[in-house]
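A.B. asks: Got a predicted structure plus its sequence, pasted below:
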Amino acid sequence: MHHHPGLFIPGPTNVPDAVRRAMNIPQEDMRSPDFPKLTLPLFSDLKKVFKTQTGQPFIYPSSGTGGWEAVLTNTLNPGDKVLVSTFGQFSTLWADMCRRLGFETEIVEAEWGEGVPLEIFADRLAKDKEHRIKAVLGTHNETATGVTSDVAGMRRALDASNHPALLYIDGVSSIASIDFRMDEWGVDGIVSGSQKGFMLPTGLAIICMSEKALEAHKSSTFPRCFFSFEDMMRANKDGYFPYTPATVLLRGLRASLDLLFEEGLENVFARHRHVASGVRAAVSAWGLHLVAKEAKWHSDTVSAVYTPPGVDAVAVLRRAFDRYGVSFGSGLARLNGKVFRIGHIGATNEVMLLGALAAAEMALVDCGARIELGSGVAAAQSSYGARPAVLAKAA
Ligand SMILES: *Cc1c(COP(=O)(O)O)cnc(C)c1O
């Protein structure tokens, strides 16, 4: 029998049938006169997703990590200073990339479970009278800890001291799932990837740059080739690419954008918030704790949950997979063995999550947690029942 596993990890996410069908197509000529009819609207529609009028989207055949690299290498100069904070595995990896690329990387370490430390950033920026900091980096949604940071607050921290640094945001697990406003928040570079909120397979880094960042690009001397904005822009303006684009994924992206716009972006955000609130109700009914330390940091795309003392999170993950056919996200780095993560990003709804919560409950009990079966599911049901439905139509 064909086994359809329950995928509740925060990426890759479930691909809706409409998107899968759109990708079940013959290969096509990426230099044909017709190809721009696909690609040019993709660029303009991505601007709606990022909520920008003046930003410039780029699509690379890459994972999200390539998007990080594109943003940095196209706009900074060798040895430039960047300010970044680490509070989970993904923010740590982006900071590590800055170091490995040779930037002078000022790292503010925050507790895992907290978000971007706005007061410390404001203070460092105010003290940087010579404007040596060229870019400030933030992870909008830290996927390892289920923490969403205040990007508008980062903009305020910069503006408080009139600091001209570029503001770069990792939105890989927030874009198309959690509200993001590029223009309103004055973001200069935003990074996302195809396999999370865009509900596609892995393989596209989708980023968007402000006019200010593209101005910085003109004088940036950092070595780059594959990720060169210049090469991309020259070909993209007519709807083409400097090398073979991932044509099948671009067809999938068309279908995914159609689904997002059909539901309405604001409804997509509301659905994520709604589904996440049921998961949080379940976690609290179990008497367990989220890694996110305060409600203001609760992520609507992923919940990282501490297992009770003495219950190995690795065993819980294994039990959920082996016995119930459900995948949850593992605890990354220092959270390994202590945390499992429930992904509720992309094409999900209430009933899917009720199934996932039932499986999590059983796996926890099987591994020795003293939790009453049904308690989390019932709490989620009450949470869902108490609110108006915000279900995505079956795609
Ligand atoms: C998934 C993820 C990444 C990494 O993306 P890849 O596609 O695996 O390269 C970066 N940042 C965040 C916040 C993520 O969730």
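C.D. replies: That came in fine, so what should we check first? Residues are numbered from 1 along each chain as shown.
A.B. asks: and the stretch 151-300 of the chain, which of its residues are near the ligand?
C.D. replies: When proximity is defined as Cβ under 6 Å from any ligand atom, the stretch 151-300 of the chain approaches the ligand at D170, V172, S173, G193, T202. From N, CA and C alone the C-beta is placed, and that goes for glycine too.
A.B. asks: Which ones among these lie within strands?
C.D. replies: With strands taken from DSSP state E, the overlap with these comprises D170, G193.
A.B. asks: between the residues of the stretch 151-300 of the chain next to the ligand, which is nearest E111?
C.D. replies: Closest to E111 out of these is D170 (18.6 Å), distances taken as Cβ to Cβ.
A.B. asks: can you pull the contacts of the nearest residue to that closest one once chain neighbours are set aside?
C.D. replies: Closest residue to D170 apart from its sequence neighbours, by Cβ to Cβ, 6 or more residues apart in numbering: T139 at 4.4 Å. Counting by Cβ atoms under 8 Å, 6 or more residues apart in numbering, T139 makes contact with F87, G88, F90, S91, W94, V116, S149, I169, D170.
A.B. asks: for the record, mean pLDDT for stretch 65-77?
C.D. replies: For stretch 65-77, mean pLDDT rounds to 98.
A.B. asks: Which other helices and strands does the longest helix seen in the chain contact?
C.D. replies: The longest helix of the chain (DSSP state H) is helix 265-285. Secondary-structure packing of helix 265-285 (3 or more Cβ pairs under 8 Å, 6 or more residues apart in numbering; DSSP states H and E): strand 289-290, strand 302-306, helix 350-366, helix 375-385.
A.B. asks: now for the longest one, which elements pack on it?
C.D. replies: Packing partners of helix 350-366 (3+ Cβ pairs under 8 Å, 6+ apart): strand 6-8, helix 265-285, helix 313-324, strand 326-330, strand 339-343, helix 375-385.
A.B. asks: ranking these by burial, who's on top?
C.D. replies: Of all the helices and strands packed on helix 350-366, strand 339-343 has the most neighbours on average by mean count of other Cβ atoms under 10 Å, namely a mean of 26.
A.B. asks: Ranking by neighbours, what's the top pick from the contacts of T139?
C.D. replies: Neighbours here mean other Cβ atoms under 10 Å. Within the contacts of T139, the largest count is held by D170, at 30 neighbours.
A.B. asks: so that residue touches S91, yeah?
C.D. replies: Yes. With contact defined as Cβ atoms under 8 Å, D170 counts as touching S91 (7.4 Å).
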